[in-house]
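Peer 1: Sharing a model prediction with you, sequence too.
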Amino acid sequence: MTSRAAFVAGATGYVGRALVRVLVERGWRTVAHLRPDSPERDTWRVRFAGMGATADATPWDADAMAATLLSVQPTAVFALLGTTRQRARASAARGQADGYEHVDYGLTALLLRATQRAAREMDASPRFVYLSSVGADAASRNPYLAVRGRLEAELRASPLPWTVVRPSFITGPDRDESRPAERIGATLVDAALAIPGLLGAHRLRDRWRSTTADELARALARLAEDPRADGAVVEGDGLR
């Protein structure tokens, strides 16, 4: 029986719940983090228990999160946190701080700092596996890509072992949220990339074509198990 343990932040998201299922299937002891204030917290506890995972609702506080991680003793911490463009825009319009800056960057940075603190008291530092995005760049004018670029830079400067995963569009028929623009965009991009793929531009095609939650979850688990992925930025065909 494996001694691998995972802490999954963003576990209730489209990729997160697929990852929890895949990790359990691969023999990982898996802790799925829930939003502490989620009105569906009890539902998710039951759902994750049915998968064979343990649910956790530690508040977003650095001390509390570090204590939880020290208790879990994870082999890998998966950071899959993010909000949607629609929610980010709505939050900005209301003047609320729960858009890209707060969720995609702020909560992930808090998790990174908490992992670093916990690692100082662990026998072995956990791998921090970060779900970023193709095109992530701190200098980007796109706020979604900019916050991911900033977090990647902090991760590189961290003493932790790490892996960055950069998918393009993540889509599939089993997605709960409607997201028609993303689905249409993925379809158009995949169709456009078929032409350069036929002409031999396989790197371009593989880097930008869409992936499903199941494909991505399996890639995340596989990379977390692979010592060669320590310090790697993985995108394109490396995610399939």
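Peer 2: Looks like it arrived, so ask away. Just so we're clear, the structure is a prediction, and the values are computed from it rather than from any experiment.
Peer 1: going forward, measure contacts between C-alpha atoms and count neighbours the same way
Peer 2: Will do.
Peer 1: Could you pull out the buried residues of stretch 52-68?
Peer 2: Going by neighbour count (16 or more other CA atoms under 10 Å), the buried part of stretch 52-68 is 52, 53, 54, 55, 56, 57, 58, 62, 65, 66, 67, 68.
Peer 1: so which two of those are the farthest from each other?
Peer 2: Greatest spatial distance in the buried residues of stretch 52-68: 52 and 62, 27.0 Å, computed using CA to CA.
Peer 1: centroid residue for the chain?
Peer 2: residue 80 (2.1 Å; CA atoms, centre = their mean).
Peer 1: quick one: that residue from residue 46, how far?
Peer 2: Distance, residue 80 to residue 46, by CA to CA, to the nearest Å: 21 Å.
Peer 1: go on, residue 15?
Peer 2: Note on residue 15: its distance to residue 46, by CA to CA, is 18 Å.
Peer 1: higher neighbour count, these two?
Peer 2: Neighbours per residue, other CA atoms under 10 Å: of residue 15 and residue 46, the larger number sits with residue 15, 23 against 14.
Peer 1: got the contact list for that one?
Peer 2: By CA atoms under 8 Å, 6 or more residues apart in numbering, the residues touching residue 15 are 80, 213, 214, 216, 217.
Peer 1: Need the max-distance pair from those residues.
Peer 2: Largest pairwise distance in these, by CA to CA, is 14.1 Å, between 80 and 214.
Peer 1: For residue 214, which non-adjacent residue is closest in space?
Peer 2: Once flanking residues are discounted, residue 214 sits nearest to residue 18: 5.9 Å by CA to CA, 6 or more residues apart in numbering.
Peer 1: burial of the one you found, as a residue count?
Peer 2: Residue 18: 19 neighbours (other CA under 10 Å).
Peer 1: Got the confidence number for it?
Peer 2: If you check residue 18, the pLDDT there is 97.
Peer 1: where's it, which helix or strand?
Peer 2: helix 14-25 (DSSP states H and E).
Peer 1: Lowest-scoring secondary structure element of the chain by mean pLDDT?
Peer 2: helix 180-198 (a mean of 47; mean pLDDT, DSSP states H and E).
Peer 1: Break the chain down into its domains, please.
Peer 2: Residue ranges for the domains of the chain, per automatic domain parsing: 5-167+211-239, 174-210.
Peer 1: so how far is the first residue of the longest one from its last?
Peer 2: When the termini of domain 5-167+211-239 are compared using CA to CA, they are 22 Å apart.
Peer 1: Could you check how far the host helix or strand of residue 113 is from the centre of its chain?
Peer 2: In this assignment (DSSP H and E), residue 113 forms part of helix 108-119. Here helix 108-119 is found 15 Å from its chain centre; the criterion is CA atoms, centre = their mean, to the nearest Å.
Peer 1: After that helix, which helix or strand is next?
Peer 2: Next helix or strand after helix 108-119 toward the C-terminus (DSSP H and E): strand 127-131.
Peer 1: what is the mean pLDDT for that next one?
Peer 2: 98.
Peer 1: on that earlier part again, check which helices and strands the helix or strand following the helix holding residue 18 sits against.
Peer 2: Toward the C-terminus, helix 14-25 is succeeded by strand 29-33 as the next helix or strand (DSSP H and E). On a contact count with 3 or more CA pairs under 8 Å, 6 or more residues apart in numbering; DSSP states H and E, strand 29-33 meets strand 5-9, helix 14-25, strand 54-56.
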